[in-house]
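*Asks:* Would you be able to build a 3D model of this:
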Amino acid sequence: MRIDKYLWCVRYYKTRNMVTEACKKNHVTVNGLVAKPSKEVFPTDKITFRKDQITQIITVLDIPENRVSAKLVDIYRRNDTPAEAYQHLELLKLSKEHYRKNGTGRPTKKDRRDIDEFGNEIKTDEED
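*Replies:* Numbers count the residues shown, from 1 in each chain. Sure, this is the predicted structure:
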């Protein structure tokens with residue numbers, strides 16, 4: 001089965017076109033070699049790809065006939081991605097939400113004054 005079809009069948013990507021784009025950008029490797037979308041995959045192949053700032057590592061266990069439901073995905077692949085990668089993603093999400101919530105827009109006048117005041121405090125501490 002082609003690598004683009006396999007990754008689509010096991011629900012890592014929403015469309016085959018998305019997988020094809022990832023392959024063209026060299027984000028997908030099979031057994032350590034960069035894979036084109038037409039690369040054939042077989043059981044025991046190790047697939048590494050970068051998605052959502054995580055380098056996913058999966059091992060092909062079996063080849064599905066067509067796209068499978070989310071409950072049956074584990075029959076066809078084994079996820080070898082280290083847990084630290086998922087923890088790193090959680091930290092990235094938390095760091096983005098630290099200062100300003102999504103959708104709140106540009107800093108307000110009060111925010112700008114607070115930032116300027118903070119900068120002035122640092123300068124006065126260095127001068128002392």
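*Asks:* For stretch 14-34, buried residues please.
*Replies:* 16, 19-20, 22-23, 27-30 (16 or more other C-beta atoms under 10 Å). From N, CA and C alone the C-beta is placed, and that goes for glycine too.
*Asks:* what's next to the helix or strand where residue 48 lies, contact-wise?
*Replies:* If you go by DSSP states H and E, residue 48 is part of strand 46-51. By C-beta atoms under 8 Å, 6 or more residues apart in numbering, the residues outside strand 46-51 that reach it are 3, 6-7, 12-13, 22, 27-32, 35, 41, 55-60, 80.
*Asks:* Nearest spatial neighbour of the residue nearest the centre of the chain, chain-adjacent residues omitted?
*Replies:* For the chain, residue 52 is the residue whose C-alpha lies nearest the centre (C-alpha atoms, centre = their mean; 1.9 Å). Leaving out its chain neighbours, the residue that sits closest to residue 52 by C-beta to C-beta, 6 or more residues apart in numbering is residue 89, at 6.9 Å.
*Asks:* need the contact list for the one you found.
*Replies:* 52-54.
*Asks:* Looking at those residues, which is nearest residue 108?
*Replies:* residue 53 (29.5 Å; C-beta to C-beta).
*Asks:* count of neighbours near that closest one?
*Replies:* By the criterion of other C-beta atoms under 10 Å, residue 53 has 10 neighbours.
*Asks:* returning to that earlier point: the buried residues of stretch 14-34: which two are farthest apart?
*Replies:* Most distant of the buried residues of stretch 14-34, by C-beta to C-beta, are 16 and 29, 18.2 Å apart.
*Asks:* Can I get the helix or strand hosting residue 4 in CSV? Just the C-alpha atoms.
*Replies:* Using DSSP H and E, residue 4 sits in helix 3-9. Output of helix 3-9 as CSV, limited to C-alpha atoms (Å, rounded to 0.1, in the frame of the first residue of the first chain):
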residue,chain,number,x,y,z
ILE,A,3,2.5,5.6,2.2
ASP,A,4,0.0,8.4,1.6
LYS,A,5,-2.9,6.0,1.5
TYR,A,6,-1.7,4.1,4.6
LEU,A,7,-1.4,7.3,6.8
TRP,A,8,-4.8,8.4,5.6
CYS,A,9,-6.3,4.9,6.3
